[in-house]
Each structure stands twice: as C-alpha cells, then as structure tokens.
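Novice: test case, fold it:
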Amino acid sequence: MPPPGAPALNATKLHPPRVRTNAVPRPYLTTMLVEARPRLVLLIAPPGFGKSTLLAEWAERDQRPFAWLRTDQQDNDPTVLWTYLAAAVARSMREDLPTERIRAIARDGAYDTTLAGELEASGGELVIALDEYFHIEDSRSHAALFRFIEQAPPNVSIAIASRVEPPFPLARLRASGDVLELRAADLRFSLDESQWLLNESLGLGLEPQSVRMLHDRTEGWPAGLYLANLGLRNARDRATFVRRFGASNRLVGDYLKEQILAALDEETLRFMLRTSLVDQICGPLADVLTGREDSGERLAKLEQANVFLQPLDDTREWYRYHLLLRELLQIELRRRLPADVPVLHALASAWFEQAGDADRAVNHAIEAGDTDTAGRLIGANYLYRIEWGRIATVESWLRRLGDDVVDADGRLAVVKTWTMHFLGRHDEADLALEAAQRSAPEGPLPDGASSIESTIALVNAAFPGGDVGRMLAGAQRAFELEAARRSPWRVTVHVLVGLALVRAGRFAEAEPYLARGEELAHQARMGMDEVGARALRARVALETGQLELALGRARSAVAVAGQSALGRAHAGALARTVLGETLLAAGRSAEGEAVLAEALPDVRSMREPFVLTEFLLALARARHALGRTADAARLLAEAEGIVETMPDPGDLRRSARETSRRIRRRGIRPGEDLTERELDVLRLVAAGLSTRETAGRLYVSFNTVHTHIRTIYRKLGVGSRGEATARASEMGLIPDVRTHRDKSPG
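Specialist: Numbering: from 1, shown residues only. Okay, here's the model as predicted:
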C-alpha cells in the first residue's frame, strides 16, 4: 500500500496500446525501428498520426522488452513521473531488477544517474517508451530525462512519442547519429496505405477516385481517414460526402466538428459528449455522468465499433477516447450543452473523491468553479503531498484557482502559506498567512490543525525568519495545541519542538521529542517529518560526542529522504548537511565535502536562513580541512553575514564563532587554545570517567561538561573521546595514555 500522498500507481498507464485488427501494416517503419537501435527515438507529429500504434507494432516485432509509460497530466510532477517510469522499468525487467530496488532508484534525488548505472549493470536490452509525452511541461522533468538519455548505456533505447518536440538540446546527439526522428511527413499514409485502410480494412468499397480524393484532402492523415469512416458509413451519398470532406487539415478539423459527430445517432452522441469530460472513463463513472445504468456495456460496444475508444486494461474496465476525438467532443459539449459542463465536472469530482482519487477530484472541482469543494479537498490533501515531495502538484492547484480565490479562502490561504515557504518564496508566504488570518474559518481546519492560531504557531516554528526565540515560542504553543490531538500535526509538533531546541543548543532536551517524532512519523508515513527527525537526532548524537551513532542516523535520514522524493527538499538538505558534518568529524573530509557540495544549489534555492547558514558553516569547515582556505573563508563570511541579520540566531552564533576561530587563526597549534577548565575536563575524560562522573568530580552541571566536551572536540579537530585522548596525548596536553598503562600494576 503506498503512503498517503505518494502516487497510487495506475497500472493502466503501463500497458502498451492494443494493435487494432484493422490497423494498416507498416513494415518499413517497424523494420527501421527494430534494426536502427539508436539511443533516442522521437516520434513527433500532431494528433492522429498513429504514433502510439506504431510504438505498439514496434514492441510486438522487437525481441527486446519494452518499459511502457503513457503519460498524462498527473505526471507533470517530477515525483509522479519518475515513480511511474521506475514502475515501468521494473515491470519490464522483473527478473533482472527487483521492483522495490528500481522504485527506490526513481525516488533518489539522482535518479537519472543511478537508474542509468543500474540498467547498464543489468546487461539486459531494453526499450523505454514514453507515449503522449506532450503532457509533460515541467522543466525539471525535461532536464532529468535528458540527463538520463545522455547517460543511457548501449543496451537501452528511449522512445518518445509527442505532439511537440521535447525541449532537449539534441545537437550533439544528432551529430553523433544517436537520434532517429520520425515526423508527420514520415508517418502519414501513402496512397496505397489509404486505399488498404478504407477498402481492405474498413470494407468501404470506395472508387479509386474517392480514395485518392480523401487521401489528398487529409494529406494521408490517419486519424482523418478513420474519422471519415464514421461519416461514410451513415452517408446516403458517399461521393458527395467525399467531395465535401475538407480541403486541408484545417478544413478537415472544421468539418469534423460540424459533420462527423452529426453522423452519430443522438443518444450515442450525447453519451460520448458527457463522458468526454474525463481523461479516462469506466462504466460506473459513465453512469454518474450520463444518468444511465448500462454504461459499461455501451463502452464495450463503442470500442467494438471502432469509435476511437481505447481500452486501458486487460479487463476492459477503463477506457479513454482518442485524444483528438476527445478534444472535438469537448468542443461540442461546450457548444451544445454549456450549462452542463460545470455540473458534469462537479459530478466527476464527487465520484473521484469517493473513489479515493483526490488529484482528479481536485482538478474537476476547479474546472467546475466549485471553489468551496476545491478548498476543502486541497486543504484536506495538500499536507501529505508536501510530506512526500509533491510540492509541484499543490502549487499547480493554487495557480489554477488564482490568487484572488486563494487569498479570499482561509483554507486555501493556509495551503499557500506552506507552499510558498517550501518554495523559498517567504514574502509571498507571509502575505498569504495574513490573508488566512482574515478569512480562516472558526475551529479546526481541513488539514487537521485545531485552529488558525495553531497554524500561525506552526509556521513560526517551521519558518521563524532567523529568530530562535520565535521558533521556540511557536513550537511550544503548537505542541500545547496539537500534541494530544489525533491529527497529522501531532507528529509535526514533536519534530518542531526538537528542531527549536537543537537550534537553541539544548541538545539533550531535544532528543526525547525527536525520538517520539520519528516514531510517530514512521507510523503515520509522513516522510518529511521522519527525515527531519532522523537528521536532527543525528545532529544531537554528533554534538554529544556519539560519532558512530551520528553517522548511522545521518545515513538513515539521507536514505529515507531518497525513498520519499525528499532528497532535494528542506528535510533532505538538513539530512545531507548533518551527514557532511559527521563525515568531517570522522576525519573523512573529502567525503563530507562531496556530500555538501552536491547539495549547495538546492539549499540556496530554499532561501531559509537557518538551513543555509548551518550548511555554509559545515561546507566552510570541510573545505578548510581540505586546504581550500580561500573557499572556506568566503563561505564563512557569507554565513557570518546571515547570522548578523538574524534577530536571534541561537546556537548558530556559537557555531559561527568556533568555525571562525578554526579557519582564521594563524600560527597556533591545535589544542593550544584550550582553557584550563577544558584541560581539566579532558584529563578526566582521558582517565575514563563518564560525562556525569566528570561533572560530579568538578562540581559542575552535566550540561556544562557536555558543552566543554563539544568545544574540546572542535578545538582538537576530532569527533570522539578516543580520538580526543589520542590527539591530546600526541600534543603533550595530557600524559601519554600508553605510557601510563605500561606502568600500571598487573
């Protein structure tokens, strides 16, 4: 079962289209595709040129397995697209790559590189076919897919069928002969193929002159010829019908709108008009949209009649209209039954909500103009989508509704507040929160928050604008309001209190909150909170001298972030920051620097001062350890500049000062700036006393000794008690431990 907000896989999208029994054979094209084996195949043509059919025929003739994905608007989100792509690959290569492994690869922030490497290691040949790719408009998805194409091993080909050319920089691939392109001129029917379709396959018995006229006037456009068949079968005078059948593709389109649909009987036309509103249709949904009780049977009959209705699964439960026909039907629906359009969208929204498909329910509510339902659905569903990295989906919902609608609806203004913050657009988020306060409903909100007061406290805790005092106050108030309630925020408030305490330098106090938050987040399958809790617990372990524990927790946080498509989100950035710092403390400076350097662009894009400053300080220390002093000084200066603008930077001020001392000091041997009290602590630690025992011996608090130990580690450039003892012995700061042991009795 997928976690809430994670895309629920629709297996129908992974089925290749069925090759129709009356499809025109095109052996010269399929042979070319089977034998050429380029890195990339592009089938680019307007609707109705048989791109999907050609892909399906190719798949039937080629010995290689095909990973098939029919994209749709839901895939216009990087998380959804790459989850489906991974599922398609897993489905085609089940014996070579375990399904869970390939899904995990797709959720990795570096899925393009990782997936290419896995496919090369598998050694098996594969064709990855992406049909109807024109639905994808997201620039990040385009960029990642092209990187994957460039890195694809020789045993893998990628085929893309689309109405428009993807925005890929193809010059180099074209120059090297790695692209095979088929366009409308290549896909249109020849006269012989038009004759075979009309007379041999469809059995119309047209005169050669009529065949040529249709062929010339459609310019060999396959869909135009198929749709002409619908009108010809009901035409009393076929010769007249042919003579009037347009003069170019534009005129054919005009004619199809005005005449082809008119050739259908009124009952069938009405059924098709009303069911064209959804991108895929099944019997029960069609019953709701049409008021019928036999829609399943009617859909089956329409498919058998070749009315451009394609089955999406092997059981003939789900169908979709040919894209061009659906567009025409929708035009006619708006022209003939304009008052029915919002009603049908509302019916579709309610049906999809009942079926558990919140994404389509939201989309149809927006199209219906039902902002109340849209606000309720978005408010109830956005949180889990953000938790699982689907911020692009939520942003698109808000954009389609428009700022005026969103700002006037307190529920939607709350959603916008969180969305803008996570996108790094904090000024817009602040304005949205002001709007939410003006128009939020009394009592609980759809996202589970107990009130708008609770939402304000949560936002102050999560995005405090550089003010640890504000963060602590917000986290504590949110905890009071939400910790005892059964809502998703019960999870988040534990993590936020822990985060605020960590930012305040109160590490021991933070651990219980974070441990509980991690447990609750895992149970509730809230990816962002689980990653954040694991990363912060790694920070606590690091700050308390438990290096191995810190390293394990940090690696775990990064792994969960990758599995949750959160590798490049706030929680993932925090996890990578802590992992880089932990590797640095373990003396693995090059590894730590590499982890941090890779994440730098993502962290900057978040525009979140605490995250960015922590990150810059860690990267400065890493580069200083590698001898890159100029880089280290520049990063430190940037971090210090941010700290100075913060109302209350909390523990960041101490961290910045210690980093500055480490990077900027000159002519001082490590350890020479230890204070007398720190040397006292160091000697007792070296003698084997615990932190609590050391505190008792020196008559100070546990937290005071804990702070001294952290400072000692940083000044000595070590990450554990053993390393501190060994380094101090080498420097003569304490007696040589080995000599002392040699003189011990026994």
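Novice: quick one: the strands in the stretch 601-746 of the chain?
Specialist: Assigned by DSSP state E, counting those that start in this stretch, the strands in the stretch 601-746 of the chain number zero.
Novice: what's the answer for the chain, then?
Specialist: For the chain, the strands defined by DSSP state E cover 40-44, 66-70, 126-131, 156-162, 179-183, 281-282, 309-311, 318-321.
Novice: tell me the angle the fourth one makes with strand 66-70.
Specialist: Here strand 156-162 points in a direction 30 degrees away from that of strand 66-70 (axes from the mean of the first three to the mean of the last three C-alpha atoms, to 10 degrees).
Novice: for the residue positioned nearest the centre of the chain, give its distance to Arg140.
Specialist: In the chain, the centroid-proximal residue (C-alpha atoms, centre = their mean) is Thr79; its distance is 2.3 Å. Thr79 sits 10 Å away from Arg140, going by C-beta to C-beta, to the nearest Å. Glycine gets a C-beta too; all of them are placed from N, C-alpha and C.
Novice: got the strands of the chain as TSV, with mean pLDDT and distance to His15 columns?
Specialist: Below are these laid out as TSV (pLDDT from 0 to 100; distance: least, C-beta to C-beta, whole Å):
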stretch	mean pLDDT	distance to His15
strand 40-44	94	18
strand 66-70	93	7
strand 126-131	94	10
strand 156-162	94	15
strand 179-183	92	23
strand 281-282	94	15
strand 309-311	80	9
strand 318-321	88	10
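Novice: JSON lines please, covering those and showing distance to Ser720 and mean neighbour count.
Specialist: Shown next, in JSON lines, are those (distance: least, C-beta to C-beta, whole Å; neighbours: other C-beta atoms under 10 Å):
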{"stretch": "strand 40-44", "distance to Ser720": "51", "mean neighbour count": "22"}
{"stretch": "strand 66-70", "distance to Ser720": "47", "mean neighbour count": "23"}
{"stretch": "strand 126-131", "distance to Ser720": "47", "mean neighbour count": "23"}
{"stretch": "strand 156-162", "distance to Ser720": "45", "mean neighbour count": "23"}
{"stretch": "strand 179-183", "distance to Ser720": "54", "mean neighbour count": "16"}
{"stretch": "strand 281-282", "distance to Ser720": "61", "mean neighbour count": "22"}
{"stretch": "strand 309-311", "distance to Ser720": "63", "mean neighbour count": "19"}
{"stretch": "strand 318-321", "distance to Ser720": "59", "mean neighbour count": "21"}
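Novice: so which of these is nearest Ile386?
Specialist: strand 66-70 (24.7 Å; C-beta to C-beta).
Novice: quick check: which helices or strands does the closest one pack against?
Specialist: helix 51-61, helix 78-92, strand 126-131 (3 or more C-beta pairs under 8 Å, 6 or more residues apart in numbering; DSSP states H and E).
Novice: so that strand versus helix 78-92, what angle?
Specialist: Going by the same axes, to 10 degrees, strand 66-70 makes 150 degrees with helix 78-92.
Novice: give me the contact list for strand 66-70.
Specialist: 12-17, 52, 59, 75, 84-85, 88-89, 91-93, 126-132 (C-beta atoms under 8 Å, 6 or more residues apart in numbering).
Novice: repeat that with 7 Å
Specialist: Identification of contacts with strand 66-70 by C-beta atoms under 7 Å, 6 or more residues apart in numbering yields 13-16, 59, 84-85, 88-89, 91-92, 126-132.
Novice: list the contacts for the residue nearest to Ala639 when sequence neighbours are not counted?
Specialist: Leaving out its chain neighbours, the residue that sits closest to Ala639 by C-beta to C-beta, 6 or more residues apart in numbering is Leu616, at 3.9 Å. The contact partners of Leu616, by C-beta under 7 Å, 6+ apart, come to 635, 638-639.
Novice: Arg236: how many residues sit nearby?
Specialist: 6 (other C-beta atoms under 10 Å).
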